[in-house]
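J.: structure of the sequence below:
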Amino acid sequence: MQKLGLKFEEIIQQKVFRKNPMEREGAYEFLQAVKDGDFEQVQFKLIHCQYHVFDFDQTNQTPLHWAVRRNYIQIVNLLLEYGADVEHQDIAGRTPLFLAVKNENKAIIMTLLLRGASPLVENMNRQKPIQLTQNGALIQTLEKAEKLHQQMNVQPFRKQKDFWIQNAVPIFTMSGNQQAQKQVLKINYRQIVI
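T.: Modelled structure (predicted):
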């Protein structure tokens, strides 16, 4: 809950997490706007119902999965700003990172990694994202991410976020210039969830 920036009372009162696909009013239209790459419509709908980021379809894919699948980096960033879950798995066990790696979209991969997406998660076939690519540069990036996640996981919980910001952010911002990339990706360090 805290990782997603939600309070227990809010989850109960607003029925944030639904049991069934497309259950929330407007969920279908929201997901269609994401699939169509309609940034303005996605933004408009999120302003009116921020919980659409937690909606899912019949395959348990969230709007973030779809934005990643379609390579819509601007919508990916918007969904992340609204608290989309980078670790949500679809019915095949794939997180959005799996789809970004499959598409070999380095900008989205870096964005997801920067936001704390774990490269250690396995899908239903017991594959990790690194096993979905032959691209040497992506393999190298994912190997670094795996090592950083392993190192971070042995840190005391209260120090994990600081560890991530100090060690991972310079790597996943590509240029190492944290301030410039922070502006480009519109990332507030408070939004990095570990």
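J.: give me the longest helix you can find in this protein.
T.: helix 136-153 (DSSP state H).
J.: so which bits of that one are buried?
T.: Residues 138, 141, 142, 144, 145, 146, 148, 149, 152 are the ones in helix 136-153 that count as buried (16 or more other CB atoms under 10 Å). The way it works is simple: take the backbone N, C-alpha and C, and place the C-beta from them, glycine included.
J.: nearest to residue 130 among the residues you listed?
T.: residue 142 (4.2 Å; CB to CB).
J.: output the below-cut-off pLDDT ranges for the protein.
T.: 1-18, 174-194 (pLDDT under 70).
J.: find the residue at the geometric middle of it.
T.: The residue lying closest to the centre of the chain (CA atoms, centre = their mean) is residue 86, at 2.8 Å.
J.: distance of residue 83 from residue 53?
T.: According to CB to CB, to the nearest Å, residue 83 and residue 53 sit 6 Å apart.
J.: neighbour count for the two, which is higher?
T.: Shown here are residue 83 and residue 53; by other CB atoms under 10 Å, residue 53 has more neighbours (24 against 17).
J.: quick one: end-to-end distance for stretch 45-58.
T.: With CA to CA, to the nearest Å as the measure, stretch 45-58 spans 21 Å from end to end.
J.: how about residue 94: what's its closest non-neighbour residue?
T.: residue 123 (5.1 Å; CB to CB, 6 or more residues apart in numbering).
J.: where's that neighbour, which helix or strand?
T.: Of the helices and strands defined by DSSP states H and E, none includes residue 123.
J.: need the contact list for it.
T.: Residue 123 sits next to 89, 92, 93, 94, 98 when contact means CB atoms under 8 Å, 6 or more residues apart in numbering.
J.: mind running it again at 10 Å?
T.: Listed by CB atoms under 10 Å, 6 or more residues apart in numbering, the contact set of residue 123 reads 89, 90, 92, 93, 94, 95, 98, 129, 131, 132.
J.: ditto for residue 138
T.: 100, 101, 104, 105, 106, 109, 129, 130, 132.
J.: again, but for residue 46
T.: Residue 46 touches 30, 33, 52, 53, 63, 78, 79, 81, 82, 84, counting by CB under 10 Å, 6+ apart.
J.: what comes up buried for the helix or strand where the first one lies?
T.: In this structure, residue 30 is located in helix 27-36 according to DSSP H and E. Residues of helix 27-36 classed as buried: 27, 30, 31, 33, 34, 35 (neighbour count, 16+ other CB under 10 Å).
J.: right, and the fourth one touches residue 70 too?
T.: No - contact status for residue 33 versus residue 70: not in contact, 11.6 Å apart, counting by CB atoms under 10 Å.
J.: pipe the contacts of residue 46 into JSON lines and attach secondary structure and distance to residue 43 per row.
T.: What follows is the contacts of residue 46, written out as JSON lines (DSSP: H, G, I helix; E, B strand; the rest coil; distance: CB to CB, whole Å):
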{"residue": "30", "secondary structure": "helix", "distance to residue 43": "11"}
{"residue": "33", "secondary structure": "helix", "distance to residue 43": "9"}
{"residue": "52", "secondary structure": "helix", "distance to residue 43": "11"}
{"residue": "53", "secondary structure": "helix", "distance to residue 43": "12"}
{"residue": "63", "secondary structure": "helix", "distance to residue 43": "12"}
{"residue": "78", "secondary structure": "helix", "distance to residue 43": "6"}
{"residue": "79", "secondary structure": "helix", "distance to residue 43": "10"}
{"residue": "81", "secondary structure": "helix", "distance to residue 43": "10"}
{"residue": "82", "secondary structure": "coil", "distance to residue 43": "9"}
{"residue": "84", "secondary structure": "coil", "distance to residue 43": "14"}
